[in-house]
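Asks: from the sequence below, what's the structure:
(one chain, ligands or ions: 1)
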Amino acid sequence: MSLDINASIKAAYEAGLKASGGKNADYIPFLAKVPSDLFGICIVTVDGQCFKVGDTDYQFALESISKVFTLALVMENIGPEGVREKLGDSPTGMPFNSVEAIELNQGKPLSPLVNAGAIAAVSLVPGDSADECWAKILDMQSQFAGRSIALSDEVNVSEQTTNFHNRAIAWLLYSAGTAYSDPMRAVEVYTRQCSTLVDAVDLATMGATLANGGVNPITKKRVIQEGNVAPILAEMMMEGLYTSSGDWAFTTGLPGKSGVGGGLMAVIPGKLAIAAFSPPLDDAGNSVRAQAAIAEAERHLGGNIFRPK
Ligand code: GLN
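Replies: Below is the predicted model of the structure:
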């Protein structure tokens with residue numbers, strides 16, 4: 001298996017290098033200035049082995065991948081049925097920040113992995129203050145990564161001062177009755193959760209915790225209940241790459257989640273997770289190189305969950 005993984009990660013890196021095009025997200029000023037040529041891949045297995053190539057110690061903004069861990073936190077509190085009832089469980093087929101996720105579904109945001117559903121998810125995290133709620137979210141990210149994850153003040157300021165569209169989404173949720181706390185508090189904490197820094201090893205460990213049924217394979221600590229893993233992976237399969245989620249499923253058959261910081265995490269349940277990072281994004285907001293790299297890794301390793309074994 002290790003030999004296979006070494007060869008696969010090398011092939012994935014080559015395939016990623018060949019993929020060109022895309023550009024850094026620029027609607028968040030910080031992201032526009034991250035060096036575009038950074039590229040790293042990491043695989044973490046359920047038995048805790050780690051394989052890496054390229055810029056795997058560069059720390060980048062977690063962005064939308066944070067939605068997975070806040071979904072996990074909320075699901076621990078209210079269960080999959082609570083998530084279905086309050087946030088929705090379906091793909092939107094629309095861009096990540098579309099207000100139509102709310103408008104098309106009588107106020108319920110359809111999916112916890114688009115901005116509307118993710119802001120509503122934050123509003124379900126218990127806490128008397130933004131800081132109390134934030135501490136729980138940061139702790140969940142840290143447990144998944146197996147180390148203390150921290151907020152980047154620079155990313156956070158850049159996002160908090162430009163997140164007007166997300167604030168509008170939060171008020172739409174409020175008017176529809178699906179902001180479950182003060183909407184401006186929810187969007188402020190949502191913006192913080194997008195502004196933490198991870199490297200590719202952290203991201204692969206976070207994915208490997210899902211691959212391993214909710215137990216972090218490095219710390220060996222249970223992070224979430226095993227029963228919550230499958231519904232989270234199902235959400236990732238349906239909505240993890242936004243308007244490209246269908247293409248991604250068709251190509252790789254892997255639950256994945258992207259962020260506009262250039263990170264992409266994919267999970268092969270019961271085996272491993274692959275994370276890749278490269279800032280230039282395609283029109284759907286997904287890293288061009290990371291998609292090419294992970295698709296190639298899947299071709300080598302297998303793992304497409306729809307393929308008969
Ligand atoms: N912070 C970003 C936003 O809400 C995250 C989006 C993303 O990574 N797709 O706009």
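
Asks: when you work out contacts or count neighbours from here on, use the C-alpha atoms and nothing else.
Replies: Will do.

Asks: for the ligand, what's the nearest residue on the stretch 101-250 of the chain?
Replies: In the stretch 101-250 of the chain, the residue that lies nearest the ligand is residue 194 (5.0 Å; Cα to the nearest ligand atom).

Asks: for the stretch 1-150 of the chain, same thing?
Replies: For the stretch 1-150 of the chain, Cα to the nearest ligand atom, closest residue to the ligand: residue 64, 3.6 Å.

Asks: and the pLDDT for that residue?
Replies: For residue 64, the model assigns a pLDDT of 98.

Asks: repeat that for the one 3 residues further on.
Replies: Looking at residue 67, its pLDDT stands at 98.

Asks: quick one: the nearest residue to the residue of the stretch 1-150 of the chain closest to the ligand once chain neighbours are set aside and residue 301, what's the gap?
Replies: Leaving aside its sequence neighbours, residue 64 sits nearest to residue 259 (Cα to Cα, 6 or more residues apart in numbering; 4.5 Å). Noted for residue 259: a distance of 24 Å to residue 301, by Cα to Cα, to the nearest Å.

Asks: same check on residue 282?
Replies: 25 Å.

Asks: just to revisit the earlier point, ok, now which ones touch the residue nearest to the residue of the stretch 101-250 of the chain closest to the ligand when sequence neighbours are not counted?
Replies: Excluding the flanking residues, the one nearest residue 194 by Cα to Cα, 6+ apart is residue 63, at 3.8 Å. By Cα atoms under 8 Å, 6 or more residues apart in numbering, the residues touching residue 63 are 193, 194, 195, 196, 259, 260, 261.

Asks: how close does residue 63 get to residue 44?
Replies: For residue 63, the distance to residue 44 - Cα to Cα - is 21 Å.

Asks: residue numbers of the protein in contact with the ligand?
Replies: 63, 64, 96, 115, 191, 194, 259, 260 (Cα under 6 Å from any ligand atom).

Asks: residue ranges of the helices in the stretch 51-200 of the chain, please?
Replies: With helices called from DSSP state H, counting those that start in this stretch, the stretch 51-200 of the chain shows them at 66-86, 100-103, 115-123, 130-145, 153-160, 164-176, 183-194, 200-211.

Asks: ok, back up a step: more neighbours: residue 259 and residue 301, which one.
Replies: residue 259 (26 against 16; other Cα atoms under 10 Å).

Asks: so residue 239 touches residue 92, yeah?
Replies: Yes: between residue 239 and residue 92 there is a contact under Cα atoms under 8 Å: 7.2 Å.

Asks: quick check: neighbours shared by the two?
Replies: residue 111.

Asks: related to what we said a few turns ago, just the pLDDT for the residue nearest to residue 64.
Replies: 98.

Asks: one more: residue 309?
Replies: 74.

Asks: that one and residue 302, how far apart?
Replies: 9 Å.

Asks: more neighbours: which of those two?
Replies: residue 302 (15 against 7).

Asks: now the stretch 1-150 of the chain, which segments are flagged as low pLDDT?
Replies: The stretch 1-150 of the chain contains residues with pLDDT under 70 at 1-3.

Asks: can you tell me which residues contact the nearest residue to residue 198 once chain neighbours are set aside?
Replies: Closest residue in space to residue 198, ignoring its immediate chain neighbours: residue 59 at 5.0 Å, by Cα to Cα, 6+ apart. Shown in contact with residue 59 (Cα under 8 Å, 6+ apart): 197, 198, 199, 200.

Asks: so which of those wins on neighbours?
Replies: residue 200 (30 neighbours).

Asks: I figured that one hits residue 44, correct?
Replies: No: look at residue 200 against residue 44 with Cα under 8 Å: they stay out of range, at 10.0 Å.
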